[in-house]
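[1] Structure of the sequence below:
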Amino acid sequence: MVLRWLRLPAPPRRETLIAGGATLATALLVAAAVHKLGTAGLLVPLAMLGAVILIRRPVLTMTLVVALTILCEGSDFGLLHFTSNLYIQPYRGISLLDLLVGLVVVSALLDVLRDRRAVRLPRALALPLAFLALAMIAGAVTGHAAGVSLRFSIFSEHVLAYLLLLPIAVVNLEIDERQITRLLGGAMALAIVKAVLGLVEVSEHLGARIEGSSTLTYYEPTANWVIMIALLTLLVAMIVRAKPPLWMLLGSPLLIACLLLSYRRSFWIASVLGVLLVLLLATSPTGRRMLVPASLAVAAAIWLLGSIHFQSNLPLVKRVTSLSASNLEANAEDRYRLDERTNVLSEIGQHPITGLGMGVPWQATAAPLSVEHEEGRQYVHFAALWFWLKLGLLGLCAYLGLIAGSLVVAWQAWRRGREPLLRAFALASVCGIAGLVTMDTTASFTGVEARFTLVLGVQIGLLALIARRGEDAGREATGHPELA
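    Residues are numbered from 1 along each chain as shown. Have a look, this model is predicted:
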């Protein structure tokens, strides 16, 4: 009698087959992963479970991926060296970062499909993104026609795919201005954390060396970009009296010190330009009248520092004086950029319409190079020329259109936004993207450097989302909620 009560009901045959099939599939997956990745393959089922959870939460997925991208530096960063594992390529040129970006895009797409919403695309970005999509197709075909394998040519465009897909994914997220404000607050806190880590890197002499025995905070552009935008946001917020939290103001000296000790001259110039634009756009007419003499004073100071021969071993002074034309000619790396540009322009002159195609190195010898870098002939220290060289005229139009469209979207977010901190972030982005144009003339960041492009793509998407939310609120206020 007791045994009868203890007898368990037999599971249905269909559920047994499903459970057995799932167990077998998991075992085969683990075996294949262990064969390919070693003991790390044991974590693949756990990673898949995490992906399933994240794919249903697009905002969380986007936040996590951006935070990891900002926090995790490459192998040149001496502090927290293990974070560079985010950028390993576990399978045939596909990095973990590529997989995370794909997760963001898929989760946003599934969220749109679940709610049966129409896909939104800002008008200012529609044409540039269409040009970029066409340029990517043309670049892959041209590269393949030149002898590069089609797979390699397509996979060479993975960073361009970030720039194409992330703004669309982010602008279609269902979050309001209050949630965006919280996300921005988290980004500001993350910028301060990065500043602290960078200063620790310098104090422990763990960073890359610059100007002799000195070390720098961040050579890679991502952290410097985040810190620069954070500083410009705080400046706008103080000018327009948006009352940023006290902890943000207390963190500003750390941000300034970290950016200064990066010794990245392009970021210094972009920051000065950004500050001048903030003063022009955000201040009163009286303040704007002071902008011209202030600009002349800054230009005169830079010229004097670049022309006077200081008897100083301070690396900061050396970096400033290196901005003079004579020092640019004397420095081997700076001279290399000038010679490289001459060769690239010569190469573009031979292929002005189609470009070389993705994966095809340039070969021109119009100017002898002072230095040869590994993979240097796949790169150009000028983003607009890189797009033209690799993707042809379509690529050049895509780059110029994306810069112009991003400025328009950021300006719309500044004019339409209602939350003070979001409006400050929007105007800071206008000024920062204007500075990015100057930065892209010294190195190719936009669409070329993976981490930077990821952060920029999400930033553009957030700006478009702020502008859309402000426009929807305006329509509701005028009594046309059906248009929102």
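[2] Now the closest residue to Leu121 other than its chain neighbours. Its backbone dihedrals?
    Excluding the flanking residues, the one nearest Leu121 by C-beta to C-beta, 6 or more residues apart in numbering is Ile168, at 6.2 Å. Where C-beta positions appear, they are placed from N, C-alpha and C, glycine not excepted. The phi/psi pair for Ile168 (degrees, to the nearest 10) reads phi -70, psi -40.
[3] any idea how far Ile168 is from Leu129?
    For Ile168, the distance to Leu129 equals 7 Å [C-beta to C-beta, to the nearest Å].
[4] Pull up the overlap in contacts between those two.
    Residues touching both Ile168 and Leu129 (C-beta atoms under 8 Å, 6 or more residues apart in numbering): Leu121.
[5] ok, now which ones touch the residue nearest to Leu121?
    By C-beta under 8 Å, 6+ apart, Ile168 lies in contact with Val119, Leu121, Leu129, Gly461.
[6] Now do the contacts for the last one.
    With contacts defined as C-beta under 8 Å, 6+ apart, the neighbours of Gly461 are Leu166, Pro167, Ile168, Ala169, Val170, Val171, Leu173.
[7] ok, now which ones touch the fifth one?
    Right, the one you point to is Val170. For Val170, the contact set (C-beta under 8 Å, 6+ apart) comprises Met62, Ala108, Gly457, Val458, Ile460, Gly461, Leu462, Ala464, Leu465.
[8] what about the residue nearest to it when sequence neighbours are not counted, which SS state?
    In this structure, Val170 finds its nearest non-sequential neighbour in Gly461, 2.6 Å apart by C-beta to C-beta, 6+ apart. State at Gly461, reduced to three classes by DSSP: H, G, I helix; E, B strand; the rest coil: helix.
[9] Please apply the same query to Thr69.
    Look at Thr69: counting by three-state DSSP, its state is helix.
[10] my read: it touches Asp98, true?
    No. At 11.7 Å, Thr69 and Asp98 do not qualify as touching, with contact defined as C-beta atoms under 8 Å.
[11] ok, Ser346 - how many residues close by?
    15 (other C-beta atoms under 10 Å).
[12] Let me fix that, I meant to ask about Val106.
    Residues near Val106, counting by other C-beta under 10 Å, number 17.
[13] helix/strand/coil for it?
    Applying three-state DSSP to Val106 yields a three-state assignment of helix.
[14] Now do the contacts for it.
    If you count contacts by C-beta under 8 Å, 6+ apart, then Val106 has Ile55 around it.
[15] give me that answer again for 10 Å
    Ala51, Leu54, Ile55, Pro58, Thr61, Leu165, Ala169 (C-beta atoms under 10 Å, 6 or more residues apart in numbering).
[16] Write the ChimeraX selection for whichever of the residues you listed are buried.
    Here is the ChimeraX selection string for the buried members of those, based on 16 or more other C-beta atoms under 10 Å:
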select :51,54,55,58,61,165,169
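[17] Narrow the contacts of Val106 to those in strands?
    Using DSSP state E, no member of these falls within strands.
[18] just checking, which of the contacts of Val106 belong to helices?
    Of the positions in the contacts of Val106, Ala51, Leu54, Pro58, Thr61, Leu165, Ala169 sit in helices, assigned by DSSP state H.
[19] which residues does the last one contact?
    Counting by C-beta under 10 Å, 6+ apart, Ala169 touches 58, 61-62, 101, 104-109, 111-112, 119, 457-458, 461.
[20] Could you check how far the residue nearest to Val170 is from Gly198?
    26 Å.
[21] And stretch 388-398, how far out from the chain middle?
    Per C-alpha atoms, centre = their mean, to the nearest Å, the displacement of stretch 388-398 from the mean C-alpha position of its chain is 20 Å.
[22] now stretch 346-361
    26 Å.
[23] So that it lines up with my notes, have the first residue be 35 from now on.
    Sounds good: first residue 35 from here, last item stretch 380-395.
[24] Could you tell me the end-to-end distance of that stretch?
    13 Å (C-alpha to C-alpha, to the nearest Å).
[25] Just the buried positions in that stretch, please.
    Buried-residue list, stretch 380-395, by 16+ other C-beta under 10 Å: Glu381, Ile382, His385, Thr388, Gly389, Leu390, Gly391, Met392, Gly393, Val394.
[26] The closest residue in space to the fourth one that isn't next to it in sequence: neighbour count?
    Once its chain neighbours are removed from consideration, Thr388 has its nearest residue in Gly426; the separation is 4.5 Å (C-beta to C-beta, 6+ apart). Other residues within reach of Gly426 by the criterion other C-beta under 10 Å amount to 23.
[27] Check the contact between Gly426 and Tyr433; I expect there is one.
    No. Counting by C-beta atoms under 10 Å, Gly426 stays clear of Tyr433, with 11.5 Å between them.
[28] Report the set of residues contacting both of these two.
    Any residue near both Gly426 and Tyr433 by C-beta under 10 Å, 6+ apart counts here, and that gives Ala169.
[29] Which residue ranges of the stretch 185-334 of the chain form helices?
    Counting by DSSP state H, counting those that start in this stretch, the stretch 185-334 of the chain has helices at residues 192-205, 211-237, 255-273, 280-294, 299-316, 319-323, 325-341.
[30] Let me know which of the ones you listed is the nearest to Ser404.
    For those, proximity to Ser404 was assessed by C-beta to C-beta; helix 299-316 is nearest, at 18.6 Å.
[31] Tell me what angle the closest one forms with helix 280-294.
    140 degrees (axes from the mean of the first three to the mean of the last three C-alpha atoms, to 10 degrees).
[32] any idea of the angle helix 299-316 forms with helix 255-273?
    20 degrees.
[33] And helix 299-316, how far out from the chain middle?
    Computed by C-alpha atoms, centre = their mean, the chain-centroid distance of helix 299-316 equals 19 Å.
[34] pLDDT (mean, whole number) over it?
    Averaged across helix 299-316, pLDDT comes to 87.
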